[in-house]
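J.: Here is a sequence with its predicted model. Questions after.
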Amino acid sequence: MPSPYSDDLRQKVLDAIDNGYCKTHVSRLFNISRNTIDLWLKRREETGSVSAIRAYRRGPQGKIADLEQFRTFASEHGHLTQKGMAAQWHESISDHTISKALRRIGFTRKKRAMAIKSGMKRNSKPS
């Protein structure tokens, strides 16, 4: 998604229209569409501001909305697999939903301690 126009450009465009310039002239001058100007005028009329909406969520809301509740659930049931945690959750959810929620709260689990020896093994016969 492209970034929104800056607030100062929006203000300059609307100031030019308020000073009596026609929308077509202003759209050619600033190289923006007339529809964009109309949307900015509509937003200013409805909200009083022409600032872009910057904090909006893309995509659907996750099924697990209360992350603090899920964090306590994960600390209590962290010994289970994700399928087991999904079965214990109070709603019907999938193990993939559990996985996404665990990533969102930063929960990691090390399955076993890794013991790796560095170096090469010696042959039984000396060379």
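T.: Everything's here; your move.
J.: which residues of the protein score low on pLDDT?
T.: Residue ranges of the chain with pLDDT under 70: 1, 109-127.
J.: need the longest helix for it.
T.: Counting residues, the longest helix found in the chain (DSSP state H) is helix 34-47.
J.: Which residues are in contact with the nearest residue to residue 82 once chain neighbours are set aside?
T.: In space, and not counting its chain neighbours, residue 82 is closest to residue 95: 4.0 Å by Cβ to Cβ, 6 or more residues apart in numbering. Every C-beta, even on glycine, is put in place using the N, C-alpha and C of the backbone. With contacts defined as Cβ atoms under 8 Å, 6 or more residues apart in numbering, residue 95 is in contact with 81, 82, 83, 85, 86.
J.: By neighbour count, which of the residues you listed wins?
T.: Sorting these by how many neighbours each has (other Cβ atoms under 10 Å) puts residue 85 first, at 23 neighbours.
J.: Can you pull the phi and psi angles for that one?
T.: When read as degrees, to the nearest 10, the backbone of residue 85 gives phi -70, psi -40.
J.: Many thanks, have a good one.
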